[in-house]
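Trainee: Here is my input, please return the structure:
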Amino acid sequence: MNNALLNRRLQQALGYTFVRPELLTQALTHRSYGALNNERLEFLGDSVLNCTVARALYDAFPDLPEGSLSRLRANLVRQETLAEIAAALKLGDSLRLGEGELKSGGFRRPSILADALESLFGAVFLEAGFEAAQRVVRGLFDPLVARIDPRASGKDPKTELQEILQSRRLPLPDYRLMGTQGEAHDQSFIVECVLVKPPLSTRGVGKSRRAAEQEAARQACAALQK
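Mentor: Numbers count the residues shown, from 1 in each chain. As a prediction, the model looks like this:
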């Protein structure tokens, strides 16, 4: 698939079409590709993202205190979440990477995907202003906000599982990479979370190894809390 078609598909998924295609190109350019890359756009996009998600949480949960809102925001804007959204958008297919990053699979590396997504937010902000960038962010993050249970701890599953086991003075879990599935450009990782006591094994699948570990840990937490 040629770059123009990939970029058009990406813009459709974002819900925004760039008037200045050079901004889109820059947002998709990793520093390994050239001097005119997306690092400065990422800086802008990070601020837009944090402000927008903060407002979304503020509106959605009027009774939550500042500390709880901060924890929820941290979970939503962390690298893992951004990389999962980027993978769902197939953003990696449109990235411009240097030869070394291409060979090492940089188009599916969570840090690169997360940075590029923030760069896109920054590029929209530069071209059309905060309200336009906010609409793009809200379009991607509102479904995640809607799924939040405000009664939950706000901690990521691996941390929650560790704390449950420590409170019961039980051995910590072991995470084992069991393999991968899918094509190279759309690969998923399979991780097993193994507990010695109580004997328990759960499996998680994710677009990154960390995401798969978190899913396996989430299932383990649910099993322990039954």
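
Trainee: got a list of contacts for stretch 93-113?
Mentor: Taking contacts as Cβ atoms under 8 Å, 6 or more residues apart in numbering, the residues outside stretch 93-113 that touch it are 1, 3, 6-7, 10, 25, 28-30, 32-34, 79-80, 82-83, 86-87, 91-92, 116, 184-185, 187, 207-208, 210-211. (Each C-beta comes from the backbone N, C-alpha and C, glycine too.)

Trainee: Any quick PyMOL command for the buried ones out of those residues?
Mentor: To isolate the buried members of those in PyMOL, using 16 or more other Cβ atoms under 10 Å:
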select buried, resi 6+7+10+25+28+29+30+32+33+79+80+82+83+86+87+91+92+116+207+208+210+211
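
Trainee: Any regions of the chain where pLDDT drops low?
Mentor: Residue ranges of the chain with pLDDT under 70: 1, 152-154, 184-186.

Trainee: domain parsing for it?
Mentor: 3-146, 157-224 (automatic domain parsing).

Trainee: Span of the first one from start to end?
Mentor: With Cα to Cα, to the nearest Å applied, domain 3-146 spans 34 Å between its terminal residues.

Trainee: what's the answer for the shortest one, then?
Mentor: Start and end residues of domain 157-224 are separated by 12 Å (Cα to Cα).

Trainee: Now do stretch 109-118: distance to the chain's middle.
Mentor: 8 Å (Cα atoms, centre = their mean, to the nearest Å).

Trainee: ok, now stretch 17-25?
Mentor: Taking Cα atoms, centre = their mean, one finds stretch 17-25 lying 23 Å from the centre of the chain it belongs to.
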